[in-house]
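Undergrad: 3D model of this:
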Amino acid sequence: VLMEEIAGTCLFNILHVCDYHGGYDDLTPFLDYPGHIVNCSLELGTEKLTAQKASQMFDRPFMGGLDRLGTIFSGSREEITAAVEAECGQKPAKFLLGADCTVPSEIDWDNLKTAIVTAHKFEL
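TA: Now for the predicted structure:
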């Protein structure tokens with residue numbers, strides 16, 4: 001009921017399937033939830049999804065691609081650049097690069113800047 005209310009009153013809504021409790025093996029219970037864009041972890045049990053596959057599953061644009069606790073958090077500038085280029089290289093038609101959830105507050109802001117600068121250089 002809450003999600004229906006949000007869908008009826010918000011002009012723009014991001015469906016975030018949070019995996020902080022340990023992740024999901026199956027995203028199908030969320031496929032019909034409202035939201036103009038979907039954001040979720042690409043780790044699905046033992047399976048690794050791509051942004052393109054997640055976008056197809058939910059039939060809407062995907063936002064994410066970077067593990068909030070992975071390379072974006074602890075990688076070198078070169079590793080972050082490579083991770084962003086890899087995600088942008090296999091992106092779906094409608095895609096927003098981002099983390100799979102909230103990045104930790106202690107993240108090095110230069111890591112985020114590196115990801116943003118790299119993404120902006122990527123040819124669409």
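Undergrad: Phe73: neighbour count?
TA: Phe73 has 18 neighbouring residues, counting by other CB atoms under 10 Å. All C-beta spots, glycine's among them, are computed from the backbone N, C-alpha and C.
Undergrad: Would you mind listing the residues in contact with it?
TA: Residues in contact with Phe73 (CB atoms under 8 Å, 6 or more residues apart in numbering) are Asp67, Val103, Pro104, Ile107, Asn111.
Undergrad: how close does the first one sit to Leu97?
TA: Put plainly, it is Asp67. 13 Å (CB to CB, to the nearest Å).
Undergrad: higher neighbour count, those two?
TA: Counted by other CB under 10 Å, Asp67 and Leu97 do not tie: Leu97 has more neighbours, with 20 against 17.
Undergrad: helix/strand/coil for that one?
TA: At Leu97, secondary structure determined by DSSP: H, G, I helix; E, B strand; the rest coil is strand.
Undergrad: Name the SS class of Pro92, please.
TA: coil.
Undergrad: What residues does the residue nearest to it when sequence neighbours are not counted make contact with?
TA: Spatial nearest neighbour of Pro92, excluding adjacent residues (CB to CB, 6 or more residues apart in numbering): Ser55 at 3.8 Å. If you count contacts by CB under 8 Å, 6+ apart, Ser55 has them with Val38, Pro61, Phe62, Pro92, Ala93, Lys94, Phe95.
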